[in-house]
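S.K.: sequence and predicted structure, then a few things I'm wondering about:
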Amino acid sequence: MPISAEETTDFIITPEDRQAAKILVALSRGKRYHPREEGEENSSNKKCKEVDNSKETLMIIKAWNLAKPDPVENIPNTVADLVDQISEPIKKQLTVSDVNEDLRRLMLGKDQVHKKMRPLLTGSEIQRLKEGLDVTVYGPENVVQDMKFKMWSSTPVLTSGWKGFVDACNLEEHCDFLHVWMFRHRETRELCFVIDKTKYSTITKPLGKTISDQIN
């Protein structure tokens with residue numbers, strides 16, 4: 001007996017039907033469909049949870065954030081008296097990519113650089129950021145390294161010498177925390193950077209958002 005348009009029919013949707021529907025939707029969007037392997041979702045969730053949200057680390061970072069190290073302590077005496085127009089420090093936890101041997105650059109937050117360091121730059125220097133500015137970087141234990149300060153895509157970085165600085169200062173991901181200042185040399189008028197590090201051996205993971213938000 002024919003079924004009228006007003007009549008309805010119950011359908012049983014099986015798991016196979018749902019899987020087929022997912023494939024069709026994926027293909028219709030021009031994407032290659034890869035069924036999720038058993039345990040893959042748990043693995044993804046595990047990676048998301050591999051951050052440090054401990055109370056101990058929170059207390060450590062709060063204290064570190066309040067500290068005000070003297071940048072001049074990492075500058076040779078012959079240069080210390082010639083520091084001019086020094087910026088507020090950018091603070092950051094070193095990431096895996098910061099010490100990666102292939103990338104060879106220190107990423108500095110775009111907003112932080114704009115707020116704290118851009119006021120020290122001349123118009124000409126801002127225009128040359130894409131190609132890079134030659135700078136001298138002073139670090140712990142009298143380490144001095146020539147580098148370039150430049151825009152990498154839309155991200156400000158220190159590069160072309162950063163790898164040597166990492167090795168000389170024995171910098172490591174996660175446990176090392178940096179204060180980074182920019183200053184101008186009073187006589188040469190060249191841009192320079194000073195980097196101070198604090199190592200916390202108990203911190204072995206990236207900071208969770210709640211803790212990283214304490215850094216300013």
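M.R.: Perfect, thanks for sending it.
S.K.: rest of the way, CA atoms for contacts and neighbours
M.R.: OK.
S.K.: average pLDDT across stretch 66-75?
M.R.: Mean pLDDT, stretch 66-75: 92.
S.K.: how many other residues sit next to residue 133?
M.R.: Residue 133 has 18 neighbours, counted by other C-alpha atoms under 10 Å.
S.K.: give the contact list for it.
M.R.: For residue 133, the contact set (C-alpha atoms under 8 Å, 6 or more residues apart in numbering) comprises 125, 148, 149, 150.
S.K.: closest one of those residues to residue 169?
M.R.: For the contacts of residue 133, the minimum distance to residue 169 (C-alpha to C-alpha) is 18.0 Å, reached by residue 148.
S.K.: need the pLDDT of the closest one.
M.R.: With respect to pLDDT, residue 148 scores 97.
S.K.: confirm it sits in a helix?
M.R.: No. Applying DSSP: H, G, I helix; E, B strand; the rest coil, one finds residue 148 to be strand, outside a helix.
S.K.: so which of the contacts of residue 133 is the most crowded?
M.R.: residue 149 (26 neighbours).
S.K.: for it, give the beta-bridge partners.
M.R.: residue 133, residue 158 (DSSP bridges).
S.K.: any idea how far it is from residue 155?
M.R.: For residue 149, the distance to residue 155 equals 11 Å [C-alpha to C-alpha, to the nearest Å].
S.K.: from what I can see residue 143 touches residue 167, true?
M.R.: No. Applying C-alpha atoms under 8 Å, one finds residue 143 not in contact with residue 167, separated by 10.4 Å.
S.K.: neighbour count for these two, which is higher?
M.R.: For residue 143 versus residue 167, neighbours defined as other C-alpha under 10 Å are more numerous around residue 143 (16 against 11).
S.K.: per-residue pLDDT, the spatially most central residue of the chain?
M.R.: Centroid-nearest residue in the chain, with C-alpha atoms, centre = their mean: residue 107, separated by 5.6 Å. Predicted confidence (pLDDT) for residue 107: 95.
S.K.: leaving out sequence neighbours, find the closest residue to it.
M.R.: residue 157 (4.6 Å; C-alpha to C-alpha, 6 or more residues apart in numbering).
S.K.: that neighbour: what's it in contact with?
M.R.: By C-alpha under 8 Å, 6+ apart, residue 157 lies in contact with 105, 106, 107, 108, 149, 150, 151.
S.K.: so which of those residues are in strands?
M.R.: If you go by DSSP state E, the contacts of residue 157 have 105, 106, 107, 149, 150, 151 in strands.
S.K.: so how far is residue 195 from the second one?
M.R.: Going from residue 106 to residue 195 by C-alpha to C-alpha gives 11 Å.
S.K.: and if you look at the third one?
M.R.: Applying C-alpha to C-alpha, one obtains 13 Å for the distance of residue 107 from residue 195.
S.K.: ok, the first one next?
M.R.: As for residue 105, its distance to residue 195 is 14 Å (criterion: C-alpha to C-alpha).
S.K.: and the fifth one, by the same measure?
M.R.: Using C-alpha to C-alpha, one gets 17 Å for the distance from residue 150 to residue 195.
S.K.: for residue 122, same thing?
M.R.: Residue 122 sits 22 Å away from residue 195, taking C-alpha to C-alpha as the criterion.
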